[in-house]
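Participant: build me a model:
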Amino acid sequence: MIHTEVPDALVASYGRDDAGRAWLDGLPRLLVRTAEHWGLRPDGPAGNGMAALVQPVVRADGTPAVLRLQPVGDENTVAVLGLRTWDGDGVVRLLDHDAGTGAMLLERLDAGRPLSSVADDDATMAVLGGLLARLAARPAPDGLPRLGDVAAAMIAAVPDAVPALSDPAERRLVETCAAAVAQLLPEAGDRLLHWDLHDENVLAGEREPWLAIDPVPLAGDPGFDLWPALNSRWDAVVAGGVERVVLRRFDLLSELVGLDRGRAASWTLGRVLQNALWEVEDGKVALDPADVALATVLLRHRA
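Facilitator: Sure thing, here's the model as predicted:
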């Protein structure tokens, strides 16, 4: 019989309002009920991130899988739409979905072998770049958030957000990022993007050596998808020399995905802008130093 304690990380994510607390209270029962509905038996302890509970299971026919539970909402809807569109091409395969509960039954990958376990940075970037190219090769289906709308909202938020930053240089950096995005706004793209592809969101598999997980699908320009890879293992970036490592990664990713360097750099500045707005929204008065360093390098070498 499946039994689980509600993980602290999920309590931290969802325990701040009545709806979230109600979902947490019902999570153990939901897990049992969904497993029974799909004829699943547990196959090891449950894991979790900040957003979902993931229970390894075995289907009635003996196929290993994972049951993923998270509150019903837009994040579920767009994830399912993206996974169905990709149909396992470079990404974990969606086996089943219950729209009423948000439950997803997914292909089992090796959670103990994330891409972050690969020490060679160039090899890691080659995997990420190859996956980004495959995922963005598909046109985005209707029903997804669109980068043009996301970017326009970011630009509109800048005048109110910038004064909250204490460092004038960081205020200028945010305004520079906004200006770069504004130039690209008329052509924001229509490709199917992952939006969060870094070395922890790629797992080893049997069907393919490496497959992406946990997409937050978005319709837009693939250049907007480089930042998570560029920002991976930031301690190693610092140790290797920020400018050298960032440029090497950026050149490799841009080449593999087939991107114009200037556009890709500007859309990456858009990710720095997005992060800055989130920082201010959270009450912070300074930017993440990694974002500042990454943006500074790209601004120096944007061409």
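
Participant: may I have the phi/psi pair for Val57?
Facilitator: Per-residue torsions, Val57: phi -140, psi 170 (degrees, to the nearest 10).

Participant: so it is in contact with Ala35, correct?
Facilitator: Yes. Under the contact definition of C-beta atoms under 8 Å, Val57 touches Ala35, with a separation of 6.5 Å. Backbone N, C-alpha and C define where each C-beta goes, glycine included.

Participant: between the two, which has more neighbouring residues?
Facilitator: Val57 (25 against 19; other C-beta atoms under 10 Å).

Participant: leaving out the residues flanking it, which one is nearest to that one?
Facilitator: Spatial nearest neighbour of Val57, excluding adjacent residues (C-beta to C-beta, 6 or more residues apart in numbering): Leu40 at 4.0 Å.

Participant: need the contact list for the one you found.
Facilitator: By C-beta atoms under 8 Å, 6 or more residues apart in numbering, the residues touching Leu40 are 34, 57-60, 65, 67, 105.

Participant: same check on Leu69?
Facilitator: Taking C-beta under 8 Å, 6+ apart, we find Leu69 in contact with 27, 30-31, 34, 52-55, 101-103.

Participant: now Thr124
Facilitator: 115-116, 118, 199, 232.

Participant: which intervals of the stretch 101-250 of the chain have sub-threshold pLDDT?
Facilitator: Within the stretch 101-250 of the chain, no range satisfies pLDDT under 70.

Participant: which residues touch Ile240?
Facilitator: Wrong residue type there; residue 240 is Gly, not Ile. Contacts here follow C-beta under 8 Å, 6+ apart; on that basis Gly240 touches Asp121.

Participant: how far away is it from Leu226?
Facilitator: Gly240 is 18 Å from Leu226, where distance means C-beta to C-beta, to the nearest Å.

Participant: swap in Val118?
Facilitator: Distance, Val118 to Leu226, by C-beta to C-beta: 19 Å.

Participant: which one of these two is surrounded by more residues?
Facilitator: Ranked by neighbour count (other C-beta under 10 Å), Val118 and Leu226 place Leu226 first, with 25 against 16.

Participant: give me the number of residues near Arg108?
Facilitator: The number of residues packed around Arg108, counting by other C-beta under 10 Å, is 20.

Participant: picking that back up, now do the shared contacts for Val57 and Ala35.
Facilitator: Residues touching both Val57 and Ala35 by C-beta under 8 Å, 6+ apart: 41-42, 67.

Participant: now the buried members of these.
Facilitator: Those of these that meet the buried threshold are 42, 67, by 16 or more other C-beta atoms under 10 Å.

Participant: quick one, phi psi at the closest residue to Glu170 other than its chain neighbours?
Facilitator: Counting by C-beta to C-beta, 6+ apart, Glu170 lies nearest to Leu287, which is 5.0 Å off, once chain neighbours are set aside. Here the main-chain torsion angles of Leu287 (degrees, to the nearest 10) amount to phi -80, psi 160.

Participant: and for Arg68?
Facilitator: In terms of degrees, to the nearest 10, the main-chain angles of Arg68 are phi -110, psi 120.

Participant: quick check: Leu106 is in a strand.
Facilitator: Yes. Counting by DSSP: H, G, I helix; E, B strand; the rest coil, Leu106 is part of a strand.

Participant: which residues touch it?
Facilitator: For Leu106, the contacting residues are 65-68, 92-95, by C-beta under 8 Å, 6+ apart.

Participant: what distance do you get for it to Leu69?
Facilitator: Applying C-beta to C-beta, the value for Leu106 to Leu69 is 11 Å.

Participant: please apply the same query to Asp167.
Facilitator: For Asp167, the distance to Leu69 (C-beta to C-beta) stands at 42 Å.

Participant: now the strands: where do they sit in the stretch 201-303 of the chain?
Facilitator: With DSSP state E, counting those that start in this stretch, the ranges of strands along the stretch 201-303 of the chain come out as 202-204, 210-212, 218-220.

Participant: distance from the last one to the middle of the chain?
Facilitator: What it means is strand 218-220. 12 Å (C-alpha atoms, centre = their mean, to the nearest Å).
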